[in-house]
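**Student:** Quick check, what structure comes out for this input:
(2 chains)
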Amino acid sequence: MRVLHVLDALDPAGEAGAYADMLRHLPATDTHDVAVLGAAPPSAGRQRVVAAPTAEALSTLLRDGGYGITCVTSYQTASLDVPIVSTSLPTRAVYWKSYDESARLRLGGSYASSTDDALLASSDHVAFATYELASLYDLPAGAAATVIGLAADIAPFVALRPPAATDTNCVLALGGTASRRHVRDLVAALAIVRRAVPDATVRVFGPGDGDDASRLAHAADEAGLAGACAVAGGDAAIAEELAHARIVAAPPGAPGSPVPLVESLAAGRPVVTTDPGHATTVIDDGVEGFLVPTGDIEGLAARLTTLLTNHALAATMGRAGRRRAARYSLETTAARLAALLASVGDGR
Amino acid sequence: MTPEYVAEIGTDHYLTPGEVAGIHDRPAPAAVWDTYRAHFRAFTGSRLDPQFWGLDSPIRFQGHPRVTPGTTVVIAGHAAVTPAFCRDLTYVRRHVSVWSSAAGAEALAGRGLAADLVIAQHRTDLESAAHVRHVRDRNGYNVLGGVPVVVADPRLPGALLAGVPDARLAGINAARGWGLWPATLTSLAVSAGASAVVLAGLDLATAGGRALDAVLGVIARTADIPFIAADVATPPEGWLQARLRDTPGPRGFPAVEMTRTVDASQEQRRARLAEHLRTAGDVLRTAAVFRSAALEARRHRDSRGDARLEDAWRQLMAWRRQRELRLAVQDGLGAGLLARAWREAPETVRGPLWRPVLLLTSELVAQGRLADARLAQREDRLSA
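**Tutor:** Purely as a prediction, here's the structure:
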């Protein structure tokens, strides 16, 4: 079976990058080529990367490439290129619906696109990354869909040693500094946590600019927490940051991809999240971490304090997290994708 | 060729250069049309409003910026707002007019620099929705609220313009820059009477890639003034390379003035959408039938429905020949997939026909329903 995977310009840290990573784990018995639209393609492991900078080039590739299945992976690619691709598609079509921008905005409840819906409707099969995503889309009668699971490269995180009793009480806060609500809640919660854990600190990881960082520093100063809040920024390596953290706090606000949560779980760090709707995809309350209603600062602080003071509970949750994360490893998800592609290829 | 003429091509109202000639008594210059075809696949999407945000837009006037003769307009992006960039911009600030995007204005404001004019424009509804989320993340803080002049694409969600005083807000035609904000500002600067246009702090590849390069090249042909891409390794065609620090201009802060003309009222926009819906009424009903046939063909996984689908495909493509219908589908209903297929789909479909028929009709039918619902919502609000 020959499969062509159509990706946006590969971004190692983005959805396309995670997808490309997963492709490395597909069985070697089939041929998996990757067509990258929009930019010069970097290496994608042992897959053959076929340059297709334009829709016309992609169309030619589909016509002459002898492919049996085409996997389209991004709404942004698809919405611009699918009309021509769709009319030149002698193959079966699978739409991989993960946490692209369109899906994340739809999860936030403020956006839906009938273009996106049409793309899903006209695929032979839709592979959703999670049940959460699948529940968002109404497919027409006769459409086939499967929940494949998230794809996360957990190997670097599994390799991290669990927190030791002597480690510092650092909370790694995901989500960056861009959300003011996130920053405000974090600072307020930390002030409460430090009543019981005086050396507790927060390190913020993720996107945000210099202004946002100064705002955090200012808010920390005002709360008497000077030096207790720091910004790692979005360019830092999350594995390195996790290595120095005891627990992880995930932010409220608009949902992003749950992959950083999976990476935290794989690192054996329990997660306290104030965005329960989104996080329930990968976390059960009280098992791999805690879910706290958005805006419940006292609750957030209480859960963080519990995990910073009860090391045995944190370790138990850390182990549970590692087991949970294994469900989303590249190997596991690639095996599910391979099974799906085989069934689609057989016309099932 | 004027910026207005380039804008006319960017409206996506024409399928061929001949059609432009038939309406405007002059054909689109071959090079412009070639650029439109090669880099935009003859569809910029600059008038698509799939969310129907334009219906509730707070914009009441169309704006036409004017600058004092001799003014250099610096179009500043947010990609390279480094200390060095800010030093250079501060150095020239007294003798240039600084125009920027919302993200650019936010980055500049963080460095103590203010833009004179800010554009609020996104290429797609997806980008607009992401901008709304960005503002919400900042507890509603919106840099546009404090800017002297805001020019905005009428298709923006109202939430993005909520804090902008009416006196400082004007609508613009997003087709001027073929949907890409740096090109729109360049085109506006030319029409405003700028003596030079400088792009700075802009990552051309991120802002729009080769398509942006191409349209900037087209706009540079519309005026005999220097177009300068500051501190850019490979400037677009017709643009010069120079340092931002060397930007010329007379001393004294140049002012931006806005001539405003009354835009369509919300009531008129509603009436226009209702008219588009009437124009497309038969087509929407037919598309629903085609969609059912496509779904049935897919369910049965055989070729029994193919004759019907062949007719459906021919009909879908034939609709492109009706100009009024085309405009109703694109400008009215915001259905981009069919609009793109009209430009680039082959006559003969390879692969199962149900797929493109289902794809195109699904979006079209959904947009028709959404348009109906939006109009009904407004009726409800008015009667309440």
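**Student:** All the strands of the stretch 51-200 of chain B, in order from the start?
**Tutor:** B:61-67, B:72-76, B:96-101, B:117-120, B:149-152, B:169-171, B:196-200 (DSSP state E, counting those that start in this stretch).
**Student:** which outside residues touch the host helix or strand of residue B:337?
**Tutor:** Per DSSP states H and E: residue B:337 is located in helix B:336-344. Under the criterion C-beta atoms under 8 Å, 6 or more residues apart in numbering or on different chains, residues A:55, A:79-80, A:82-84, A:87, A:115, A:118, B:12, B:15, B:41-43, B:45, B:48, B:50, B:316-317, B:319-320, B:326, B:329-330, B:356, B:359-360, B:363-364 lie in contact with helix B:336-344. Every residue, glycine included, has its C-beta placed from N, CA and C.
**Student:** next helix or strand past it?
**Tutor:** Going down the chain from helix B:336-344, the next helix or strand is helix B:354-383, by DSSP H and E.
**Student:** what's the angle from that following helix to helix B:336-344?
**Tutor:** 130 degrees (axes from the mean of the first three to the mean of the last three C-alpha atoms, to 10 degrees).
**Student:** Now do the buried residues in helix B:354-383.
**Tutor:** B:354-368, B:370-371, B:374-375, B:378 (16 or more other C-beta atoms under 10 Å in any protein chain shown).
**Student:** helices or strands next to it in the packing?
**Tutor:** helix A:75-87, helix A:114-121, helix B:266-279, helix B:281-300, helix B:306-318, helix B:336-344 (3 or more C-beta pairs under 8 Å, 6 or more residues apart in numbering or on different chains; DSSP states H and E).
**Student:** Kindly report which one of those carries the lowest mean pLDDT.
**Tutor:** The minimum mean pLDDT among the helices and strands packed on helix B:354-383 belongs to helix A:75-87 (a mean of 65).
**Student:** picking up where we left off before, quick one: which of the helices and strands packed on helix B:354-383 is nearest residue B:105?
**Tutor:** Of all these, helix A:75-87 sits nearest to residue B:105, with 25.0 Å by C-beta to C-beta.
**Student:** Beyond the closest one, next helix or strand please.
**Tutor:** Downstream of helix A:75-87, the next assigned helix or strand under DSSP H and E is strand A:92-97.
**Student:** so what secondary structure elements neighbour that following strand?
**Tutor:** Applying 3+ C-beta pairs under 8 Å, 6+ apart, one finds that strand A:92-97 makes contact with strand A:69-72, helix A:114-121, strand A:125-128, helix A:330-345.
**Student:** Centre of the chain to the next helix or strand after that strand, how far?
**Tutor:** Sequence-wise, the next helix or strand downstream of strand A:92-97 (DSSP H and E) is helix A:101-107. Using C-alpha atoms, centre = their mean, to the nearest Å, the mean C-alpha position of helix A:101-107 is found 12 Å from that of the whole chain.
**Student:** And for stretch A:286-305?
**Tutor:** 21 Å.
**Student:** Repeat that for stretch B:343-351.
**Tutor:** Counting by C-alpha atoms, centre = their mean, stretch B:343-351 is centred 27 Å from the centre of its parent chain.
**Student:** distance between the ends of it?
**Tutor:** 19 Å (C-alpha to C-alpha, to the nearest Å).
**Student:** What of stretch B:319-334?
**Tutor:** Start-to-end, stretch B:319-334 (C-alpha to C-alpha) is 16 Å.
**Student:** buried set for that stretch?
**Tutor:** Of the residues in stretch B:319-334, those buried (16+ other C-beta under 10 Å) are B:319-320, B:325-334.
**Student:** What residues does the nearest residue to residue B:309 once chain neighbours are set aside make contact with?
**Tutor:** Spatially, and ignoring its direct neighbours in sequence, residue B:309 is nearest to residue B:353 (4.0 Å; C-beta to C-beta, 6 or more residues apart in numbering or on different chains). For residue B:353, the contacting residues are B:294, B:297, B:306, B:309-310, B:312-313, by C-beta under 8 Å, 6+ apart.
**Student:** could the helices and strands packed on strand A:92-97 be laid out in a markdown table, adding distance to residue B:75 and mean neighbour count?
**Tutor:** Below are those laid out as a markdown table (distance: least, C-beta to C-beta, whole Å; neighbours: other C-beta atoms under 10 Å in any protein chain shown):
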| stretch | distance to residue B:75 | mean neighbour count |
| --- | --- | --- |
| strand A:69-72 | 35 | 25 |
| helix A:114-121 | 30 | 24 |
| strand A:125-128 | 41 | 23 |
| helix A:330-345 | 43 | 19 |
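**Student:** can you tell which of the ones you listed is closest to chain B?
**Tutor:** helix A:114-121 (3.5 Å; C-beta to the nearest C-beta).
**Student:** so what's residue B:15 up against?
**Tutor:** Neighbours of residue B:15 in contact, by C-beta under 8 Å, 6+ apart: B:42, B:320, B:326, B:342-343.
**Student:** Residue A:186 too?
**Tutor:** By C-beta under 8 Å, 6+ apart, the neighbours of residue A:186 are A:173, A:202, A:204, A:229, A:249, A:251.
**Student:** Check the secondary structure at it for me.
**Tutor:** Secondary structure, DSSP: H, G, I helix; E, B strand; the rest coil: residue A:186 is helix.
**Student:** hang on, the earlier thing: closest one to residue A:98 among the strands of the stretch 51-200 of chain B?
**Tutor:** strand B:96-101 (28.6 Å).
**Student:** As a markdown table, the helices and strands packed on strand A:92-97 with distance to residue B:55 would be great.
**Tutor:** Listed next are the helices and strands packed on strand A:92-97 as a markdown table, based on distance: least, C-beta to C-beta, whole Å:
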| stretch | distance to residue B:55 |
| --- | --- |
| strand A:69-72 | 31 |
| helix A:114-121 | 16 |
| strand A:125-128 | 31 |
| helix A:330-345 | 41 |
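**Student:** Go through these and find the least confident stretch.
**Tutor:** strand A:69-72 (a mean of 88).
**Student:** Need the contact partners of that strand.
**Tutor:** Residues outside strand A:69-72 that contact it (C-beta under 8 Å, 6+ apart): A:1-6, A:62, A:78, A:82, A:85, A:89, A:91-96, A:119, A:123, A:341, A:344-345.
**Student:** Alpha carbons only: can I get it in PDB?
**Tutor:** The C-alpha atoms that make up strand A:69-72 are tabulated as PDB, following Å, rounded to 0.1, in the frame of the first residue of the first chain:
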ATOM      1  CA  ILE A  69      -4.600   6.600   0.300                       C
ATOM      2  CA  THR A  70      -4.100  10.200   0.900                       C
ATOM      3  CA  CYS A  71      -4.000  11.500   4.400                       C
ATOM      4  CA  VAL A  72      -4.700  15.200   4.800                       C
END
